[in-house]
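K.L.:
following is a predicted model, sequence given first.
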Amino acid sequence: GNSVTQMEGPVTLSEEAFLTINCTYTATGYPSLFWYVQYPGEGLQLLLKATKADDKGSNKGFEATYRKETTSFHLEKGSVQVSDSAVYFCALPPGGTSYGKLTFGQGTILTVHP
Amino acid sequence: DTGVSQDPRHKITKRGQNVTFRCDPISEHNRLYWYRQTLGQGPEFLTYFQNEAQLEKSRLLSDRFSAERPKGSFSTLEIQRTEQGDSAMYLCASSFTGAVHNEQFFGPGTRLTVL
């Protein structure tokens, strides 16, 4: 079945620093790929998505590019803010689909200090 | 705001008791999902419904767990004879299969603590 691996360990950055959170996946076919964010005390929200190879998803200054050759979907932001402190999850649906139950990575805790 | 709602937000119970959680999806969404999230982990799929039909159940869903969506709207998740290992955040999500790439919208979750 499909699986997702995210970089381990919390990430702590100063405001305006560059962010990368790595995500690699194994999948049958070419599923859509998602990044979800969970702010403290809130439910998961879709941050961005990409639906085919070489697609770039973007939202709120975050970007991620669907790399078929490296099976990766790394999340990046050029200048983080304190308000970006949250847990970030990479996720994908089953098979080569764009819908259905999601398989999540273990999550990456981001803390941004002023 | 008519997002996904879950009730209760927190539940503390003693081992061996039964608990029931409710999820109200976004009104036009025909798919409803339940996930479980433990500390430091990503959500794990439990089960999902399309309308009132339960289409898939994870092996994580032991026979102490049952979910229903009787009229294709709200759903309930019941855990019988709770165990300490059931302590987790239970998340509900909904989506619409008519969308091109159906984003799942998540509720705030129900945090269960089994003493």
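P.N.:
Everything's here; your move. Numbers count the residues shown, from 1 in each chain, chains lettered A, B, ... in the order given.
K.L.:
pull the number of nearby residues for whichever residue of chain B sits closest to chain A.
P.N.:
Minimum separation of chain B from chain A (Cβ to the nearest Cβ) falls at residue B:42, amounting to 3.1 Å. For glycine as for every other residue, the C-beta is placed from the backbone atoms N, C-alpha and C. Residues near residue B:42, counting by other Cβ atoms under 10 Å in any protein chain shown, number 23.
K.L.:
looking at this, it is in a helix?
P.N.:
No. Applying DSSP: H, G, I helix; E, B strand; the rest coil, one finds residue B:42 to be coil, outside a helix.
K.L.:
wait, it touches residue A:92, no?
P.N.:
No. Between residue B:42 and residue A:92 no contact is recorded; they are 11.5 Å apart, counting by Cβ atoms under 8 Å.
K.L.:
overlap in contacts of these two?
P.N.:
Residues touching both residue B:42 and residue A:92 by Cβ atoms under 8 Å, 6 or more residues apart in numbering or on different chains: residue A:4.
K.L.:
just the pLDDT at the most centrally placed residue in chain B, thanks.
P.N.:
Taking Cα atoms, centre = their mean as the criterion, residue B:34 is the residue nearest the geometric centre of chain B, at 3.2 Å. Per-residue confidence (pLDDT) for residue B:34: 96.
K.L.:
ok, now which ones touch the residue of chain B closest to chain A?
P.N.:
Applying Cβ under 8 Å, 6+ apart, one finds that residue B:42 lies in contact with A:4, A:6, A:89, A:91, A:104-107.
K.L.:
and chain B, which of these contact it?
P.N.:
When the contacts of residue B:42 are checked against chain B using Cβ under 8 Å from any Cβ of the partner chain, the ones in range are A:4, A:6, A:89, A:91, A:104-107.
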